[in-house]
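*Asks:* starting from these lines, generate the structure:
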Amino acid sequence: PNVGLLVCLGEAMATIEDDVKWMKETIIPGIKDGLKASGRTDIPPVVLRSHDTDGPLVLKESLPLYPNIYTMSKYTGESLTTYEPGGPWGETHRQLAAAAPVHIDNVHILANLEPWRWSSPAFTQKTVQAMHNVHHSKGLHLYPQASYWDWPYAADKLPNGERLKQVDRDWMWFKVWGRYSWNSNRGDDNEYWQNVLANHFGITTDAAALLLKAYDESGEIAPKLLRRFGITEGNRQTLLLGMKIAQFVNPYKYNIYPGFYESCGPQGEKLIEYVEKEWKGEKHVGELPLDIVDQCVEHGKKAVEAMNAISVKPTKNAEEFERIKNDMECYQTFAISFRYKVLAAQQVLNYKWTKEIKYLDAALPLLNKSLLYWYKLAIKTDDTYHYANSMQTSHRRIPVGGDDGKFKTWKDMIPVYEEELEAFKGFDPLAYGKNADRDTLLAGLFAALRELDDPSIHQVYARCPVGGGVAYAVQNRLKKAAAFHIVDAEEEE
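*Replies:* Below is the predicted model:
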């Protein structure tokens, strides 16, 4: 076997200039010294990882000193989101591939696939084809499907307290990537996978065809949802723990990762953009958020229907077969819960554009339905998984912080989602006039303040009208009533 050197400059260095200097003045001279001392006259490959650095620049500066530098870059960051990559990250791949002898795609971390089983041959085949055709890469660096930070163990909770190992649980993950990285132009490959699954579980090829369908249908859910609704493709977000409604309503407040939406999927719209265009009557472009959640619910439904249609009992690996079935049900339940919360967020955004209370009234039952399905998800996972995400530190921020290993299961998230529902229920708006009819504001304000003068009411938020005259008088009265405690709703969470 060959032993190589993978150079990861990125996060270890303070500046790009430091990266270039370290590669030219430390790494390459060190390699040359080692080759000379060993008596070797060949030039073995060195892999330069283009993460948190300017890979094309480092490569350009280094190739004159050492001509056999391979390059590597993350496929779509730290998640698997699409087989249609592009944007600035795609351009980085192409620049590296054009200059290096060999360029390698790195399928990295897979934060959005943790922890349920994911092994879609159809998705994987198209992804590897995109690596060749879009990124011009010639190699694959593959990470585990889930639980990277808990290697070698999987997240599954077994009745006897033992732990599954990832190489055993996720055998098909490694097999699909191995098959298509060797040759992605195999055409319709269903017959091959039906035979593989039939042999692995001791079922008929007809039953295996249904299992394959479940894998392919469920395989679309996490990629589609993250690329259309996510805050980041990285460790900072655990998609399958859900999202808070505020993160749908204003994702910018949670610091969307630069380049994420441009590089990690086809062109499309965030929910906040979609609702704005609806109210402005503007033309929509690309993937639309409401279409995506509907598609994902349908993917989940088809995956579970396929599993339920398998009438034969496995004669091999029967316990694993049941775990796959549970994962498919989890995907379906998650997709339904996610969809209801997206629909609730849409109504909140409608309110933002109209200030009509009916939209907030419409959001409440949708948010409640989302929580009801979350309860079902917590039940399905409580006895089957130790955790959702293996990154259990403060680095994880979405949907909530993972400080000290907290909020790592679906059950842990119940109080968070119950709290946002209760906060929504507690919002009881009272109109004190019409902004379009300023004369109603002053009289209405005093009547509203009298009505709210109740010891049981501890906090009141009032929206200030803009302008002079009556509006200015109302502003002044509200500020005095609030003891000049002013909240900028666009800035504060």
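*Asks:* lowest-pLDDT helix or strand in the chain?
*Replies:* In the chain, no helix or strand scores lower on mean pLDDT, DSSP states H and E than helix 439-451, which sits at a mean of 78.
*Asks:* buried ones in that helix?
*Replies:* The neighbour-count check on helix 439-451 (16 or more other C-beta atoms under 10 Å) flags 441, 444, 445, 448, 449 as buried. Where C-beta positions appear, they are placed from N, C-alpha and C, glycine not excepted.
*Asks:* so what's residue 27 closest to, chain neighbours aside?
*Replies:* Among residues not flanking residue 27 along the chain, residue 7 sits closest, at 5.6 Å (C-beta to C-beta, 6 or more residues apart in numbering).
*Asks:* what are the contacting residues of the helix or strand hosting the one you found?
*Replies:* Per DSSP states H and E: residue 7 is located in strand 5-8. Identification of contacts with strand 5-8 by C-beta atoms under 8 Å, 6 or more residues apart in numbering yields 23, 27, 31, 46, 47, 48, 49, 51, 72.
*Asks:* wait, the first one touches residue 62, no?
*Replies:* Yes: using C-beta atoms under 8 Å, residue 23 and residue 62 qualify as a contacting pair, with a distance of 5.1 Å.
*Asks:* of those two, which one has the most company?
*Replies:* residue 23 (23 against 19; other C-beta atoms under 10 Å).
*Asks:* for the closest residue in space to residue 169 that isn't next to it in sequence, what are phi and psi?
*Replies:* Among residues not flanking residue 169 along the chain, residue 154 sits closest, at 4.5 Å (C-beta to C-beta, 6+ apart). Dihedral pair for residue 154: phi -90, psi 170, per degrees, to the nearest 10.
*Asks:* residue 154 and residue 167, how far apart?
*Replies:* Distance, residue 154 to residue 167, using C-beta to C-beta, to the nearest Å: 9 Å.
*Asks:* show me where pLDDT drops low in the stretch 351-493 of the chain?
*Replies:* Counting by pLDDT under 70, the ranges of the stretch 351-493 of the chain that qualify are 427-429, 435-436, 438, 456, 488-493.
*Asks:* cool, and the chain?
*Replies:* Residues of the chain that meet the cut-off, pLDDT under 70, sit at 1-3, 427-429, 435-436, 438, 456, 488-493.
*Asks:* follow-up on the earlier one: and residue 154 and residue 167? Which one has more around it.
*Replies:* residue 154 (26 against 13).
*Asks:* so residue 48 sits in a strand?
*Replies:* Yes: assessed by DSSP: H, G, I helix; E, B strand; the rest coil, residue 48 belongs to a strand.
*Asks:* any idea how far the residue nearest to residue 169 is from residue 323?
*Replies:* Distance from residue 154 to residue 323, by C-beta to C-beta: 10 Å.
*Asks:* give me the common contacts of those two.
*Replies:* With C-beta under 8 Å, 6+ apart, residue 154 and residue 323 have no common neighbours.
*Asks:* buried ones in the top helix by length along the chain, by neighbour count?
*Replies:* Across the chain, the helix with the greatest residue count (assigned by DSSP state H) is helix 318-354. Going by neighbour count (16+ other C-beta under 10 Å), the buried part of helix 318-354 is 320-321, 323-352.
*Asks:* and after that helix, which helix or strand comes next?
*Replies:* In N-to-C order, the element after helix 318-354 by DSSP H and E is helix 357-382.
*Asks:* for that following helix, buried residues please.
*Replies:* Buried residues in helix 357-382 (16+ other C-beta under 10 Å): 359-360, 362-363, 366-367, 369-371, 373-378, 380-381.
*Asks:* helix, strand or coil for residue 256?
*Replies:* coil.
*Asks:* show me what contacts it?
*Replies:* Residue 256 neighbours (C-beta under 8 Å, 6+ apart): 231, 232.
*Asks:* now it: how far from residue 203?
*Replies:* 44 Å.
*Asks:* swap in residue 307?
*Replies:* Taking C-beta to C-beta, one finds residue 307 at 12 Å from residue 203.
*Asks:* okay, and the common contacts of the two?
*Replies:* Between them, residue 307 and residue 203 share the contacting residues residue 211, judged by C-beta under 8 Å, 6+ apart.
*Asks:* got a list of contacts for the least confident helix or strand of the chain?
*Replies:* 430-435, 465, 470-471, 473-474, 477-478, 481.
*Asks:* and if we set it to 6 Å?
*Replies:* The contact list for helix 439-451 (C-beta atoms under 6 Å, 6 or more residues apart in numbering) reads 430, 432, 433, 434, 470, 474.
*Asks:* show me those residues that map onto helices.
*Replies:* Per DSSP H, the subset of the contacts of helix 439-451 in helices is 470, 474.
*Asks:* select, from the contacts of helix 439-451, the two members most distant in space.
*Replies:* Spatially, the most separated pair among those is 430 and 470, at 19.0 Å (C-beta to C-beta).
*Asks:* between these two, which is the more surrounded one?
*Replies:* residue 470 (18 against 13).
*Asks:* could I get the full set of strands for the stretch 51-200 of the chain?
*Replies:* Counting by DSSP state E, counting those that start in this stretch, the stretch 51-200 of the chain has strands at residues 69-74, 103-107, 139-142.
*Asks:* and the residue nearest the centre of this protein?
*Replies:* residue 226 (3.5 Å; C-alpha atoms, centre = their mean).
*Asks:* which of the helices or strands spans that residue?
*Replies:* helix 221-229.
*Asks:* could you check the angle helix 318-354 makes with that helix?
*Replies:* Here the directions of helix 221-229 and helix 318-354 differ by 20 degrees (axes from the mean of the first three to the mean of the last three C-alpha atoms, to 10 degrees).
*Asks:* and the helices in the stretch 151-300 of the chain?
*Replies:* 166-169, 171-182, 190-201, 205-218, 221-229, 245-249, 260-263, 271-280, 289-308 (DSSP state H, counting those that start in this stretch).
*Asks:* can you tell me which of these is nearest to residue 459?
*Replies:* Using C-beta to C-beta, the helices of the stretch 151-300 of the chain put helix 245-249 closest to residue 459, at 17.8 Å.
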